[in-house]
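S.K.: build the 3D model from these lines:
(one chain, ligands or ions: 2)
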Amino acid sequence: MDEEKKKRVSWDEYFMNIAHLVATRSTCNRGVPIKYLSKYKGVGAVIVKDRVILSTGYNGSPRGLDHCDDVGHEMIEGHCVRTVHAEANALASAAKHGIAVDKATFYTTASPCYDCFKMLINAGIERIVCGSFYGSRYGASEKVVGLAAQAGIQFEFLRSESDQPHGFDEDTIRITEAKVADINKLKVRKIHPSATVPSYSHNGDAGLDLFAVEGATVASGKRASIGTGISVEIPMGYAGLIWDRSGLSQKKGLKTLGGVIDSTYRGEIIVGLYNTSDEAVELMKGDRVAQMLIQPVESAKLEIVEDLSETQRADKGFGSTERSEGKKLEESEIREIKQASVPEEIKTQNKNTRKEENGEGKTKSRW
Ligand SMILES: [Zn+2]
Ligand SMILES: [Zn+2]
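M.R.: Ligands and ions are numbered 1, 2, ... in the order given. Predicted coordinates:
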């Protein structure tokens, strides 16, 4: 028989296709293009547990109230507020029928808005599978993707050919999808057979420890490049930032030099160290030499302008901070002022990494 083998859809495709079908009952022609009703827009959602559908929902008016398709949209601040979102309707329908959705998977043809996402967290949803990427109320869909990991929710995209992104440019979508797909599996390659793979010492550590692949001596007042014997594939939209290990810098005076690993870099991670102490520092093979923080990064789009907005500080460098009578502030007073103007959580984060303030008053922080 040369009959072509039938392509069986996966369970995710199966439930997502049903979500697309659910979207055909939407009562408001906004949202994302409906796969099975291509001229129209809408959103469909399906809640599934153990491969059983628990509930469905589409973006639709509350029971008994007018439909946008009959009476027009009810626009407030650029958004139609007449309907209940598909996600919320699926949850409401489950609630009405007394169906528990704890630990269920949520299929939706458009990525959830911030409000719906917060409801999905509190309803106990464990996994969200989205069709299209949808920039919705508060422009928060992008934020949702970032918060999913924090909330312990698996977040995935299952885009079909008909899915058109809405409200975001292709770059943002590509980066966001890459973030979702890749951050949970940071690829590491051992270039050297005896290299130690980076690791977090303790749960909740910010940085992955980096280890020397061979012994080295860093002479007093000199620099050294320490090989780690590993290379990494950092996901698009992230960077690896190499920082001091506080023990090594404070006890032995070893400071890291430079150290931004771009997502496109595939070479060996080399740690630049500078010995600020009066004595040579001996490093053994397998010693922790630095730490690498994996952090999301934004690409700024530049706009050339004639003037920048005014601030009280304007172009004064940090060292030029003066009292009204013209007297220079004491070092401790400057620190006090600076501390007071930094939000509490940032103070904590910077506690161990704040550098000596210099004339530029800049620390290597992303805030
Ligand atoms: Zn509407
Ligand atoms: Zn919503």
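S.K.: all helices for the stretch 251-367 of the chain, in order.
M.R.: Listed in chain order, the helices of the stretch 251-367 of the chain (DSSP state H, counting those that start in this stretch) span residues 331-340, 344-350.
S.K.: just the stretch 101-250 of the chain next, same as before
M.R.: With DSSP H, counting those that start in this stretch as the definition, the stretch 101-250 of the chain shows helices at residue ranges 114-122, 141-150, 170-182, 246-252.
S.K.: what's near enough to touch residue 29?
M.R.: For residue 29, the contact set (C-beta atoms under 8 Å, 6 or more residues apart in numbering) comprises 40, 41, 42, 68, 69. The C-beta positions use only the backbone N, C-alpha and C, and glycine is treated the same way.
S.K.: where does the stretch 151-300 of the chain have low pLDDT?
M.R.: Low-confidence segments of the stretch 151-300 of the chain, defined by pLDDT under 70, span residues 160-185, 203-204.
S.K.: restrict the contacts of residue 29 to contacts with ligand 1.
M.R.: Intersecting these with the surroundings of ligand 1, defined as C-beta under 5 Å from the ion, gives residue 68.
S.K.: tell me how many other residues surround residue 210.
M.R.: Residue 210 sits with 29 neighbouring residues when counted by other C-beta atoms under 10 Å.
S.K.: up against ligand 2, what does this protein have?
M.R.: Counting by C-beta under 5 Å from the ion, the positions of the chain adjacent to ligand 2 are 85, 113, 116.
S.K.: neighbour-wise, give me the winner out of those.
M.R.: For the residues of the chain next to ligand 2, the largest neighbour count, defined by other C-beta under 10 Å, is 29 neighbours, found at residue 116.
S.K.: ok, for that residue, nearest residue in space, not its chain neighbours?
M.R.: Nearest non-adjacent residue to residue 116, counting by C-beta to C-beta, 6 or more residues apart in numbering: residue 87, 3.8 Å away.
S.K.: would you check that the one you found makes contact with residue 45?
M.R.: Yes - counting by C-beta atoms under 8 Å, residue 87 touches residue 45, with 5.1 Å between them.
S.K.: these two - which one has more neighbours?
M.R.: Comparing residue 87 with residue 45 by other C-beta under 10 Å, the one with more neighbours is residue 45, at 31 against 28.
S.K.: doesn't that one lie inside a strand?
M.R.: Yes - the assignment for residue 45, made by DSSP: H, G, I helix; E, B strand; the rest coil, places it in a strand.
S.K.: pretty sure it sits against residue 19.
M.R.: Yes - Residue 45 is in contact with residue 19 according to C-beta under 8 Å; the separation is 5.9 Å.
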